[in-house]
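S.K.: Provided below for reference: sequence and predicted model.
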Amino acid sequence: MNNQTVAFIMAGRRQRRRRWVLVTVVLAVLSCALCMAMLLLGSTIYPVKDVIRTLMGEQIKGVSFAVNTIRLPRMLAGLFAGFAFGVAGSTFQTMLRNPLANPNVIGITSGSSAAAVFCITVLHTSGAVVSVASVIAGLATVLVIYVCSRGTSFAVGRLILVGIGVQAMLDAIISYLLLVGAQQDIPAALRWLSGSLNGSQMHELPPLVITVLICAPIIILLGKHLTVLELGEQSATSLGVNTDKTRIMLIVSSVCMIALATATTGPIAFVAFLSGPIAKRLVGVGFSFSNVIPSGLVGVILVLAGDLIGQFAFAVRYPVGIMTGILGAPYLIFLLIRMNRKGDF
């Protein structure tokens, strides 16, 4: 390899790094702007200085209650849930080398939702119990899907098909629980299923925040190994990656984030599905762990922007899950058609 070739490779690497930094900074700035908009906008629009003074601890009549009790918990729930959905969805898609292999499609969020609805309608519990049950159910769902799809050898296509079947079964269980549940429990259960930031409370957020702060760095640190896993089992092993250990750490971290996000906001439709492809299109390929942090930021933008649109763009207020579903459903159909034409199914 001559000096000219080395210089060409290094120049390409620097260009990809600059693009990654630029895109990530722009996504971070847009996320911050949406966070501020969540605090400023509502039935009453407050000045920026009043919101900042309130966040600093000063008591301002009317502003303090609206910002600290209603808008701040809503914004934080959207921020951390969106980041969790984005990172976890991108991790599954990259690790399994298939854009359909995300928690929404293969039934992981349905497992967490079923546990949450069961706790609400049958056990009449909420808060920490629902969060713990959602995490356990999410991990159990992953285990069941993996075991059922294993066969003589592991195949991503088989895993996706088994996941879709498990999701259908869990959706049927959810429908049954809603049918036999007490009338007073139905609104709370439907909140989980629609995917909404309405009614978010500050005391419900610590489990989600702590989980994201622990699990997201693990996935980011494993970003290089995640990129290698995309090359396939044999290639990753030959490059020195402990595939089983890496895959287990990535799956457990992703499922914990997905389960806690689902327990906090409900299964916000298609955020985990869309974040990875959008981030990959913006960032490009060839830079280590390039799709992890941008995917999380895209998830934040989708959730916060969807919530703002649902609140203020129409005469009737809609949950954020409906807005993201409107965006994600056509993309899913397009992706299925494209994959069918390429022979991926």
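M.R.: Nice, thanks for sending it over. Numbers count the residues shown, from 1 in each chain.
S.K.: By residue count, what's the longest helix in the chain?
M.R.: helix 3-40 (DSSP state H).
S.K.: what mean pLDDT does the next helix or strand after that helix have?
M.R.: Per DSSP states H and E, helix 3-40 leads on to helix 48-55 as the next helix or strand towards the C-terminus. Averaged over helix 48-55, pLDDT sits at 85.
S.K.: where along the stretch 101-250 of the chain do the helices fall?
M.R.: 108-121, 128-150, 156-180, 186-194, 206-221, 223-229, 233-238, 243-265 (DSSP state H, counting those that start in this stretch).
S.K.: C-alpha coordinates for the second one, CSV please?
M.R.: It refers to helix 128-150. C-alpha atoms of helix 128-150 as CSV (Å, rounded to 0.1, in the frame of the first residue of the first chain):
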residue,chain,number,x,y,z
ALA,A,128,-42.4,0.6,40.1
VAL,A,129,-44.4,-2.7,39.9
VAL,A,130,-45.4,-2.0,36.3
SER,A,131,-41.8,-1.1,35.4
VAL,A,132,-40.3,-4.2,36.9
ALA,A,133,-43.0,-6.4,35.2
SER,A,134,-42.4,-4.7,31.9
VAL,A,135,-38.6,-5.4,32.0
ILE,A,136,-39.1,-9.0,33.0
ALA,A,137,-41.8,-9.5,30.3
GLY,A,138,-39.6,-7.9,27.7
LEU,A,139,-36.6,-10.2,28.5
ALA,A,140,-38.9,-13.2,28.6
THR,A,141,-40.3,-12.3,25.2
VAL,A,142,-36.8,-12.1,23.7
LEU,A,143,-35.9,-15.5,25.2
VAL,A,144,-39.1,-17.1,23.9
ILE,A,145,-38.6,-15.7,20.4
TYR,A,146,-34.9,-16.7,20.3
VAL,A,147,-35.6,-20.3,21.4
CYS,A,148,-38.5,-20.7,19.0
SER,A,149,-36.5,-19.3,16.1
ARG,A,150,-33.3,-21.2,16.8
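S.K.: tell me the angle of it relative to helix 156-180?
M.R.: 140 degrees (axes from the mean of the first three to the mean of the last three C-alpha atoms, to 10 degrees).
S.K.: which parts of helix 128-150 are buried?
M.R.: Neighbour-count burial for helix 128-150 flags 129-135, 137-139, 141-142, 144-145, 149 (criterion: 16 or more other C-beta atoms under 10 Å). For every residue, glycine as well, the C-beta is placed using N, CA and C.
S.K.: Can you tell me what sits against it?
M.R.: Residues from elsewhere that reach helix 128-150 (C-beta atoms under 8 Å, 6 or more residues apart in numbering): 106-116, 118-120, 123, 155, 158-159, 161-163, 166, 170, 207-208, 251-252, 255-256, 258-260, 262-264.
S.K.: can you check the fourth one too?
M.R.: Around helix 186-194, the neighbours that count as contacts under C-beta under 8 Å, 6+ apart are 113, 116-117, 120-121, 126, 174, 177-178, 181, 198-199, 262-263, 266-267, 319, 321-322.
S.K.: avg pLDDT for it?
M.R.: 75.
S.K.: Return the backbone torsion pair for the nearest residue to M38 once chain neighbours are set aside.
M.R.: Once flanking residues are discounted, M38 sits nearest to M75: 3.9 Å by C-beta to C-beta, 6 or more residues apart in numbering. Dihedral pair for M75: phi -70, psi -40, per degrees, to the nearest 10.
S.K.: Number of residues surrounding M75?
M.R.: 21 (other C-beta atoms under 10 Å).
S.K.: if I pick it, what's in contact with it?
M.R.: 35, 38-39, 304.
S.K.: Read off the pLDDT value for it.
M.R.: 93.
S.K.: Please state the offset of the longest helix of the chain from the chain centre?
M.R.: 21 Å (C-alpha atoms, centre = their mean, to the nearest Å).
S.K.: Also stretch 219-227?
M.R.: 17 Å.
S.K.: Flag every buried residue along that stretch.
M.R.: 219-220, 222-223, 225-227.
S.K.: can you check stretch 95-105 too?
M.R.: Buried, per 16+ other C-beta under 10 Å, within stretch 95-105: 95-96, 98-105.
S.K.: Please work out the average pLDDT along it.
M.R.: Mean predicted confidence for stretch 95-105 is 74.
S.K.: and what of stretch 198-206?
M.R.: On average, stretch 198-206 scores 84.
S.K.: what's the span of it from first residue to last?
M.R.: Start-to-end span of stretch 198-206 (C-alpha to C-alpha, to the nearest Å) is 17 Å.
S.K.: I would like the residues contacting it, please.
M.R.: 69, 72-74, 76-77, 80, 127, 191, 264-265, 319.
S.K.: so where's the stretch 1-150 of the chain uncertain?
M.R.: The model of the stretch 1-150 of the chain has pLDDT under 70 over residues 1-3, 6, 8-10, 12, 126-127.
S.K.: cool, and the stretch 151-300 of the chain?
M.R.: Judged by pLDDT under 70, the stretches of the stretch 151-300 of the chain that qualify are 151-156, 191-192, 231-237, 239-240, 285-290.
S.K.: Setting aside sequence neighbours, what's the nearest residue to Q311?
M.R.: Per C-beta to C-beta, 6+ apart, closest to Q311 is R317, 5.3 Å.
S.K.: Give me the neighbour count for M56.
M.R.: Around M56 there are 7 residues (other C-beta under 10 Å).
S.K.: Actually, Y46.
M.R.: 18.
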